[in-house]
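Asks: give me the fold of what follows.
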Amino acid sequence: MYINKVDLVGRAGLDPEVRYFESGAMKVSLSLAVKPPYKSESPLWFDLELWGNIAQVAADWVNQGSTIGVTGELVFDKWTDKNTGELREKPIIKVNNLELISSRKSTEASSNTEVENY
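Replies: Residues are numbered from 1 along each chain as shown. From the prediction side, this is the model:
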């Protein structure tokens with residue numbers, strides 16, 4: 001048995017990057033800045049990957065500066081560098097649950113709830 005669970009709350013670094021595939025699948029990539037408890041420390045940055053319905057919600061409601069909460073699992077994106085031929089990898093949080101805490105888009109839509117889970 002193993003546990004691979006990540007819970008984060010932070011602000012979106014940029015607007016979501018949406019990608020559609022021939023199969024009809026939708027993927028959203030997003031960066032998340034999480035502020036450490038000490039003001040002197042720089043924020044920690046995480047790359048997020050969202051698929052399906054959660055991806056659609058992120059595309060519709062998340063924008064740069066939105067405060068969101070995510071639950072997911074840590075995975076590694078692996079590829080071969082075209083220039084050097086070296087194997088590269090970077091950690092990504094594959095999101096299973098998205099909480100919209102605040103966003104300009106949700107404020108504009110006059111949403112009655114501040115937190116929504118998807």
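Asks: what's the helix or strand for the residue nearest the centre of the chain?
Replies: Taking CA atoms, centre = their mean as the criterion, L48 is the residue nearest the geometric centre of the chain, at 3.4 Å. Here L48 sits within strand 44-51, counting by DSSP states H and E.
Asks: strand partners (parallel or antiparallel) of that strand?
Replies: Strand pairing for strand 44-51, using DSSP bridges, gives strand 26-34 (antiparallel), strand 87-102 (parallel).
Asks: the residue nearest to the centre of the chain is in contact with G69, isn't it?
Replies: No - using CB atoms under 8 Å, L48 is not in contact with G69, being 11.4 Å away. (C-beta placed from N, C-alpha, C; glycine too.)
Asks: please enumerate the strands of the chain.
Replies: 6-12, 17-20, 26-34, 44-51, 67-80, 87-102, 116-117 (DSSP state E).
Asks: could I get the average pLDDT for the shortest one?
Replies: Going back to what we said before, that points to strand 116-117. Strand 116-117 comes out with an average pLDDT of 54.
Asks: and for the first one?
Replies: Per-residue pLDDT over strand 6-12 has a mean of 96.
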